[in-house]
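S.K.: sequence and predicted model, in that order:
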Amino acid sequence: MNKIKKAVIPVAGLGTRVLPATKSIPKEMLPVMDRPAIDYVVEEAWEAGIEHIVFVTGRGKGAIEDHFDIAFELEANLQHKNKTAILADLKQHLPKAGSMSFVRQQSPFGLGHAIWCARDIIGDEPFAVLLPDVLIKGKLGALAQMTEAFTKTGGNIIAVDEVPERDVNKYGIIDPVTQDGDLYKIRGMVEKPAIDSAPSNLKITGRYILQPEIFDLLADQQSGSGGEIQLTDAMARMMKSQPFTALKYHGVDFDCGDRLGYLRAIAHFALDHKDLGEDARNILVTALRQNQ
């Protein structure tokens with residue numbers, strides 16, 4: 001069984017759901033407590049054993065590349081002012097040299113097209129996809145749970161999470177065939193089904209492990225919803241020839257591409273902060289009391 005060593009993170013999106021905050025700042029760089037959102041996604045990938053990350057970028061996303069690079073003037077200034085703790089923290093989160101690549105999508109043709117843009121770097125091996133809008137908190141990262149499951153199942157894996165049945169019409173929902181603990185063999189996916197006809201209450205949650213054959217399907221995939229090349233359409237075609245498994249991961253997800261989802265993420269990550277968590281709790285409790 002091939003180890004999952006490479007991951008694709010598509011970051012070319014404009015972040016229109018959280019405008020005007022993203023007018024001049026990439027949505028992936030919006031802070032969640034004291035770190036940009038993209039940091040948490042990259043950390044999840046490293047935890048899962050990923051050795052190389054491919055960012056699919058677009059215009060105005062240079063701040064992401066700069067964030068994962070050495071900032072010579074900043075580090076020299078911190079060293080000069082003897083702010084060694086801050087400097088050590090910066091260096092701790094720097095990636096290894098050569099462990100990241102950046103490719104341009106150039107035109108907004110959809111998520112499927114963005115993944116296809118990474119084909120030459122991924123090559124002929126299974127790989128992970130992490131959507132940067134989605135942050136997931138858990139004792140073990142969602143992707144690490146998926147790579148562990150991959151050693152048992154092979155094939156393709158989609159992360160899923162339960163939602164209330166009244167909300168199934170807001171998400172992509174899987175159509176399961178059989179269940180074995182937290183693993184489901186699936187035969188299809190339905191985008192925002194009607195509540196009374198949804199095949200399950202398990203929503204797709206922005207984490208995938210895919211076989212490289214997906215690139216061949218994306219190369220000739222017709223435009224779908226919104227006139228874009230959709231990854232889910234290509235996966236639906238691949239289900240006819242390859243097994244797909246859904247993993248109900250253990251954790252809580254936050255949609256940071258949504259204003260209230262972003263607020264939820266800030267609150268949860270603030271409460272869990274190793275140094276400032278208690279102070280954050282007091283601030284939030286005080287704010288709630290003052291606004292009653």
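M.R.: Nice, thanks for sending it over.
S.K.: which residue ranges of the stretch 151-292 of the chain form strands?
M.R.: 156-162, 172-180, 183-191, 202-210, 244-248, 252-255 (DSSP state E, counting those that start in this stretch).
S.K.: between the ones you listed, which one is nearest to Lys81?
M.R.: The closest approach between Lys81 and any of those, judged by Cβ to Cβ, belongs to strand 252-255 at 34.6 Å. Backbone N, C-alpha and C define where each C-beta goes, glycine included.
S.K.: show me the contact partners of stretch 106-119.
M.R.: Here stretch 106-119 makes contact (Cβ atoms under 8 Å, 6 or more residues apart in numbering) with 8, 10, 12-14, 54, 56, 58, 103-105, 129, 131, 214-215, 218-219, 221, 223-224, 226, 228-231, 233-234.
S.K.: quick one, what contacts the closest residue to Ala234 other than its chain neighbours?
M.R.: Among residues not flanking Ala234 along the chain, Leu217 sits closest, at 4.3 Å (Cβ to Cβ, 6 or more residues apart in numbering). Leu217 makes contacts with 234, 237-238, as judged by Cβ under 8 Å, 6+ apart.
S.K.: out of the residues you listed, which is most surrounded?
M.R.: Neighbour counts for the contacts of Leu217 peak at Ala234, which has 26 neighbours (criterion: other Cβ atoms under 10 Å).
S.K.: surely that residue and Leu218 touch.
M.R.: Yes: the pair Ala234 and Leu218 passes the contact test of Cβ atoms under 8 Å, sitting 5.0 Å apart.
S.K.: pretty sure Glu213 contacts Lys240?
M.R.: No: judged on Cβ under 8 Å, Glu213 makes no contact with Lys240 at a distance of 11.5 Å.
S.K.: which of the two has more neighbours?
M.R.: When Glu213 and Lys240 are compared for neighbours, Glu213 comes out ahead with 15 against 7, by other Cβ under 10 Å.
S.K.: how much space separates the residue nearest to the more buried one when sequence neighbours are not counted from Thr232?
M.R.: Excluding the flanking residues, the one nearest Glu213 by Cβ to Cβ, 6+ apart is Met238, at 6.4 Å. The gap separating Met238 from Thr232 is 11 Å, by Cβ to Cβ, to the nearest Å.
S.K.: and the pLDDT for Ala12?
M.R.: The pLDDT attached to Ala12 in the predicted structure is 89.
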